[in-house]
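> when you get a sec, could you give me coordinates for this:
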Amino acid sequence: MQPTYNIDNPNLSYEAKQELWETGFGLQKVDGLTPSVYMEELADKQARGEYTYEQVYEEITKYHQSTDASTQEADIVSLRIVEMLSHNGFSLRPISLLHIHRELFQDVFDSSIPVGEYRTVNITKNEPVLKGNTVIYSDFPLIAATLDYDFQQERDFSYAGLDARAIVSHIQSFISGIWQINPFREGNIRTITVFLIKYLRSLGFEIDKTPFQNHAKYFRDALVLDNAKLTHKRSDFLTAFFENLLLNGQNDLSSEKMYEKLGIRIK
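As a prediction, the model looks like this:
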């Protein structure tokens, strides 16, 4: 019998590959990371078809071993994001988050940080956008059950009859809820962003990746504000981000403008 399915190996154009690399690099900024100049050179060669992903990995690994290890996380995770986003496979289940987290951060995080596993401690984080307060994340024993519930609700939800803005509003709410759970000890925003892009593709959306490339920190701060306590809660910033991402919006997504509106001075 001859195969009846084609292998998912899209022949992406140079421009499409470059866009993926810019997305991978941009997402590192959410944790204050910057890829190396050498990685940017390798990315261009890969986009031009001169290097495979495996060859890029070999070259950048040798670079980190012999020259500079300070950019290792940004370089390796960017590469893995690009490789994951170059394929279309997707499943709307919590195991997708676990798989993405494992693929992105295996052998990157310190051994004390679980990879591909839900966190087993409760966490807080002082958020400048909340003037030092924290979001209340999911209690760790409830992570798996909460994700199962949210994903089942999303699978059961019908988008039939909704206009584009209502569809985007629902997706925004779903993703914000998943982020609030913060299922992993580290690497939540990069994991959830890869998941989001793949989910949007599965729904047939054309995505403007510029917000992820240039405004990853804004995206995270907008999620923080959307999940803050009532006295600090603001959903308009996250709405602006999703409007630009999916509805051809032209909102100003600069962190400076966000902090100015909130009356917070950036240090």
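
> which residues of the chain fall in helices?
Remark: helices assigned in the chain by DSSP state H are 14-28, 37-47, 53-66, 72-85, 94-105, 143-156, 164-181, 188-202, 210-214, 216-226, 236-246, 255-262.

> can you list these in JSON lines and add distance to residue 122?
(Each C-beta comes from the backbone N, C-alpha and C, glycine too.) Converted to JSON lines, these look like this (distance: least, CB to CB, whole Å):
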{"stretch": "helix 14-28", "distance to residue 122": "26"}
{"stretch": "helix 37-47", "distance to residue 122": "35"}
{"stretch": "helix 53-66", "distance to residue 122": "33"}
{"stretch": "helix 72-85", "distance to residue 122": "24"}
{"stretch": "helix 94-105", "distance to residue 122": "18"}
{"stretch": "helix 143-156", "distance to residue 122": "10"}
{"stretch": "helix 164-181", "distance to residue 122": "12"}
{"stretch": "helix 188-202", "distance to residue 122": "14"}
{"stretch": "helix 210-214", "distance to residue 122": "29"}
{"stretch": "helix 216-226", "distance to residue 122": "17"}
{"stretch": "helix 236-246", "distance to residue 122": "24"}
{"stretch": "helix 255-262", "distance to residue 122": "27"}
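
> out of the ones you listed, which is closest to residue 130?
The closest of the helices of the chain to residue 130 is helix 216-226. By CB to CB, the value is 6.3 Å.

> next up, the contacts around the residue most central in space within the chain.
Nearest to the mean C-alpha position of the chain, counting by CA atoms, centre = their mean, stands residue 193 at 2.0 Å. For residue 193, the contact set (CB atoms under 8 Å, 6 or more residues apart in numbering) comprises 27, 212, 216, 219.

> tell me how far the nearest residue to the third one once chain neighbours are set aside lies from residue 213.
With CB to CB, 6 or more residues apart in numbering as the criterion, residue 216 has its nearest non-adjacent residue at 4.1 Å, and that residue is residue 30. With distances defined as CB to CB, to the nearest Å, the gap from residue 30 to residue 213 amounts to 12 Å.

> from memory residue 225 sits against residue 237, does it?
Yes. Using CB atoms under 8 Å, residue 225 is in contact with residue 237, at 5.6 Å.

> can you list contacts of stretch 110-121?
The contact list for stretch 110-121, computed with CB under 8 Å, 6+ apart, reads 98-99, 101-102, 105-106, 108-109, 140, 143-144, 182-186.

> same thing with stretch 122-138?
Residues contacting stretch 122-138 (CB under 8 Å, 6+ apart): 139-140, 146, 180-183, 185, 221, 224-225, 227-229, 232, 258-259, 262, 264, 266-267.

> filter those residues to the buried ones?
Applying 16 or more other CB atoms under 10 Å to the contacts of stretch 122-138, the neighbour count classes 140, 146, 180-183, 185, 221, 224-225, 227-228, 232, 258, 262 as buried.

> ok, now which ones touch the residue nearest to residue 216?
Per CB under 8 Å, 6+ apart, neighbours of residue 30: 189, 190, 216, 217, 219, 220.

> returning to what we had before: nearest to residue 72 among the contacts of stretch 110-121?
residue 108 (7.2 Å).

> residue contacts, that closest one?
72, 73, 76, 77, 115.

> next, the buried residues of stretch 40-48.
Buried-residue list, stretch 40-48, by 16+ other CB under 10 Å: 42, 43, 46, 47.

> sorry, slip of the keys, the one I care about is stretch 136-152.
Applying 16+ other CB under 10 Å to stretch 136-152 flags 137, 138, 140, 143, 146, 147, 150, 151 as buried.

> ok now that stretch, how far from the chain's centre?
Centroid separation for stretch 136-152 versus its chain: 19 Å, with CA atoms, centre = their mean, to the nearest Å.

> compute the first-to-last residue distance for it.
Stretch 136-152 has an end-to-end distance of 23 Å (CA to CA, to the nearest Å).

> thanks a lot, see you next time.
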